[in-house]
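>>> Structure here, sequence nowhere to be found:
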């Protein structure tokens, strides 16, 4: 007989032929002691029924069913969270696994139905795998959001966006999202905690410090000033930390700036430690002048270059529009790349720099000068769209002349932006070279009149800078750079009176501690050798002391040696030679911390400055101080801190990743069992 032909028919036959009593007796004999066990399979796979030998207990309802609703067709259930449908016969164990995997924390969200809470299911003999609690507390995820706000310089109002809240809830329904007000409060508390860390750090600084001031105007038309502090530590490492970001009250003049600055210095107890102040703009205020103010060399050079480019502004605008079209069109950029290869006009990396800063302006000239054929070919190929951007003969001539004239500026600015430590001496060296370049152009008979007029304006700004830095203080700062010394210092600064002031300052402020230590060492030796030293030895010791105190002082010895090579690391040089110049090295630690620029040159000349301006100018007043200060402190290695607790966001990320991996592994194991 073929038993596999129609099993359902055979089963039906059995049910018809056997009466209920016989069927029950057979079940009791064949399945004597089997209990119901939920092993996570489908209902048809686990439908082993225990014979009703005892009075049946009251049927219990699974706790999972309250999170599912029965569909109108009566054949399926649908998850109330995500809408996933399951057959009505699906085991409740599978429904529970769906909730655990797809909606962790579902049991904390409250009852999803209006029905009373169902009774717990009976305990199975084969227990399921225990679910471990997450390694990362839910509240920690809010700290990752705080870190995101800080890194991206985003205001706390960003978190008021409902779609953002829903996104976090979708990823983790149990996530308890802080309110915008709490985020703002926490950010202020973090600012105060980390500010105290900075204050305690500055209390340990033994040398003089210098400060730099930068300013900008926000979209709310509020003028801000950032105050940064620089010093060189005992290991000859340069340190730079942002102290504060403050709004300047109207009318934003020198008196208001000084008032705000003084408040910051008093907060950090730096009033007696300040050696100099570097800032943008004029030095007209007598109050600020008392701080040995230094004009920002990068800002001055940027003004000089802007004057030079003004005469070619119209040509540069046409080239920039062409470049922006290339950046936005893959077809045009591909054409340009092919033509530059064919004409051997260099390789150009996209997107091309179209910034209105120096880096972008010079690249506009560079493209028209070095890839002129390719540019013209692309314009003609897409004449309908780019025809207006074709350069005529006169414009090409302007590009060639200006490109050649600005090439020394390009090399100088590149060195400024890539310098590891741009000392005042090195900045004066570069600015003196720029002045010579402008003067040569201004006095040349071959210079076109339009360029000669621009050179006159540029030279006036260069001379104004030279007049501002012409002081004994700047002289001392410059000559302590071993690459500059006296030989490479600008001629207008190399005055005998400045040398005399530098010598007096050195002897007056840096000789006493050293001499006292020498005196003590000799006294000790004389006590030990009392009665043993000859009269001639005593005379020799007096001669040595007199020699050290007068003729061959350290400053004279240092300046008598030629400057070191330009690639030399200034701080490393002083670290190595501090034993040769123990007193002068103390002076160098103070004066080499004096800054030649109020901010990094690349923030003035390159596209990096555009990014910084966009960020800090768009932050509302209530978040500006905390966001910018905390971000800067984190970039300088200061740990994110809330009150007395350090917040290790990297560790939180590691724990979250490990938790996610473990959860994924558990899901995989359960699928394998199923």
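In hand now; what should we look at? Model, not experiment: these values are computed from the prediction.
>>> which stretches of this structure have low pLDDT?
1-62, 105, 108-138, 282-290, 512-535, 537-552, 659-674 (pLDDT under 70).
>>> for it, what spans make up the strands?
68-70, 76-79, 85-87, 209-217, 223-232, 238-247, 274-279, 293-295, 641-642, 645-646 (DSSP state E).
>>> Name every strand pairing with the fifth one and say which way it goes.
Taking DSSP bridges as the criterion, strand 223-232 forms sheet pairs with strand 209-217 (antiparallel), strand 238-247 (antiparallel).
>>> Residue 333: which of those is closest?
strand 209-217 (33.5 Å; C-beta to C-beta). Any C-beta I mention is one placed from the backbone N, CA and C, and that applies to glycine too.
>>> Tell me which residues are up against the closest one.
Here strand 209-217 makes contact (C-beta atoms under 8 Å, 6 or more residues apart in numbering) with 202, 223-231, 243, 248, 257, 261, 265, 270, 273-280, 291, 593-595, 597-599, 613, 616-617.
>>> Could I get the strands of the chain in CSV, plus columns for distance to residue 435 and mean neighbour count?
Below are the strands of the chain laid out as CSV (distance: least, C-beta to C-beta, whole Å; neighbours: other C-beta atoms under 10 Å):
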stretch, distance to residue 435, mean neighbour count
strand 68-70, 81, 17
strand 76-79, 76, 18
strand 85-87, 80, 14
strand 209-217, 24, 21
strand 223-232, 26, 22
strand 238-247, 28, 19
strand 274-279, 20, 22
strand 293-295, 14, 22
strand 641-642, 48, 18
strand 645-646, 50, 10
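>>> would JSON lines of these with distance to residue 304 be doable?
Converted to JSON lines, the strands of the chain look like this (distance: least, C-beta to C-beta, whole Å):
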{"stretch": "strand 68-70", "distance to residue 304": "74"}
{"stretch": "strand 76-79", "distance to residue 304": "68"}
{"stretch": "strand 85-87", "distance to residue 304": "72"}
{"stretch": "strand 209-217", "distance to residue 304": "19"}
{"stretch": "strand 223-232", "distance to residue 304": "24"}
{"stretch": "strand 238-247", "distance to residue 304": "26"}
{"stretch": "strand 274-279", "distance to residue 304": "18"}
{"stretch": "strand 293-295", "distance to residue 304": "12"}
{"stretch": "strand 641-642", "distance to residue 304": "43"}
{"stretch": "strand 645-646", "distance to residue 304": "46"}
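>>> Between those strands, which one is closest to residue 318.
Among the strands of the chain, strand 209-217 comes nearest to residue 318, with 29.9 Å by C-beta to C-beta.
>>> okay, the angle between that closest one and strand 274-279?
20 degrees (axes from the mean of the first three to the mean of the last three C-alpha atoms, to 10 degrees).
>>> any idea how far strand 209-217 is from the chain center?
Computed by C-alpha atoms, centre = their mean, to the nearest Å, the chain-centroid distance of strand 209-217 equals 19 Å.
>>> From here on, call the first residue 376.
OK, 376 is where the count begins now, so the last one is strand 584-592.
>>> can you tell me which residues contact the residue nearest to residue 602 when sequence neighbours are not counted?
Spatial nearest neighbour of residue 602, excluding adjacent residues (C-beta to C-beta, 6 or more residues apart in numbering): residue 618 at 4.5 Å. Residue 618 makes contacts with 573, 586, 602, 603, 604, 639, 642, 643, as judged by C-beta under 8 Å, 6+ apart.
>>> Compile those into a markdown table and extend it with columns for distance to residue 727.
Below are these laid out as a markdown table (distance: C-beta to C-beta, whole Å):
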| residue | distance to residue 727 |
| --- | --- |
| 573 | 40 |
| 586 | 38 |
| 602 | 36 |
| 603 | 33 |
| 604 | 38 |
| 639 | 41 |
| 642 | 45 |
| 643 | 44 |
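>>> and which of those residues is nearest residue 446?
Among these, and counting by C-beta to C-beta, the member closest to residue 446 is residue 573, at 61.9 Å.
>>> Which residue, neighbours along the chain excluded, lies closest to that closest one?
residue 616 (6.0 Å).
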